[in-house]
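Peer 1: Kindly generate the corresponding structure for this input.
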Amino acid sequence: MRVGLLRAVGVATAAYGIAVTARPQLLAKPSGLVDEAGRTAPHTRTSLRPLAWRDAASGIALALAPEGAALRTAAWVRIAADLGDAALLGTTLPARTRGKAVAVSVGWGALSLAALCGRRSG
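Peer 2: Residues are numbered from 1 along each chain as shown. The predicted model follows:
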């Protein structure tokens, strides 16, 4: 397990989740969930905030969990969330943004999986 990489993924995920919780348009715009003027509808902001908070919470868990079973569990939760996002966003987002959203979700999940399965260097 590459603990440092898992912790870095956790910090990045938590920071992004907190940012999107405060400003849902950070996720809405690249996902194509804005109107023609680039505005995010109130119901879309409301729907994105729990998703962002989940990312913040799982990122904090990954960053702070004690090494061992707790850290492995936090990593698997993060991986499941990323792969679930890829599956759900890949079937529901507008076609013009779908591929990018799936690639980002799979990429973060793959990074966490590589860190979880990788051997510690040094």
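Peer 1: what helix or strand does Ser47 sit in?
Peer 2: helix 42-64 (DSSP states H and E).
Peer 1: buried set for that helix?
Peer 2: Buried residues in helix 42-64, counting neighbours by 16 or more other Cβ atoms under 10 Å, are found at 44-45, 48-49, 51-52, 54-63. Heads up, the C-betas are built off the backbone N, CA and C, glycines and all.
Peer 1: In terms of secondary structure, what does it contact?
Peer 2: helix 3-22, helix 25-28, helix 69-92 (3 or more Cβ pairs under 8 Å, 6 or more residues apart in numbering; DSSP states H and E).
Peer 1: Kindly recompute the last result at 10 Å.
Peer 2: helix 3-22, helix 25-28, helix 69-92, helix 95-117 (3 or more Cβ pairs under 10 Å, 6 or more residues apart in numbering; DSSP states H and E).
Peer 1: can you give me how far the longest one is from the chain middle?
Peer 2: Between the centre of helix 69-92 and the centre of its host chain there is 8 Å, according to Cα atoms, centre = their mean, to the nearest Å.
Peer 1: buried set for that helix?
Peer 2: Within helix 69-92, the residues scored as buried using 16+ other Cβ under 10 Å are Leu71, Ala74, Ala75, Val77, Arg78, Ile79, Ala81, Asp82, Leu83, Asp85, Ala86, Leu89.
Peer 1: Quick check, the last one in contact with Ser31.
Peer 2: Yes. The pair Leu89 and Ser31 qualifies as a contact (Cβ atoms under 10 Å) at a distance of 7.2 Å.
Peer 1: Name the residues contacting each of these two.
Peer 2: Residues touching both Leu89 and Ser31 (Cβ atoms under 10 Å, 6 or more residues apart in numbering) are Thr97, Arg98, Lys100, Ala101, Val104.
Peer 1: Not counting sequence-adjacent ones, nearest residue to the second one?
Peer 2: When the adjacent residues along the chain are set aside, Arg98 lies closest to Gly90, with 5.9 Å between them (Cβ to Cβ, 6 or more residues apart in numbering).
Peer 1: My guess is that neighbour contacts Ala101. True?
Peer 2: Yes. Applying Cβ under 10 Å, one finds Gly90 in contact with Ala101, separated by 7.2 Å.
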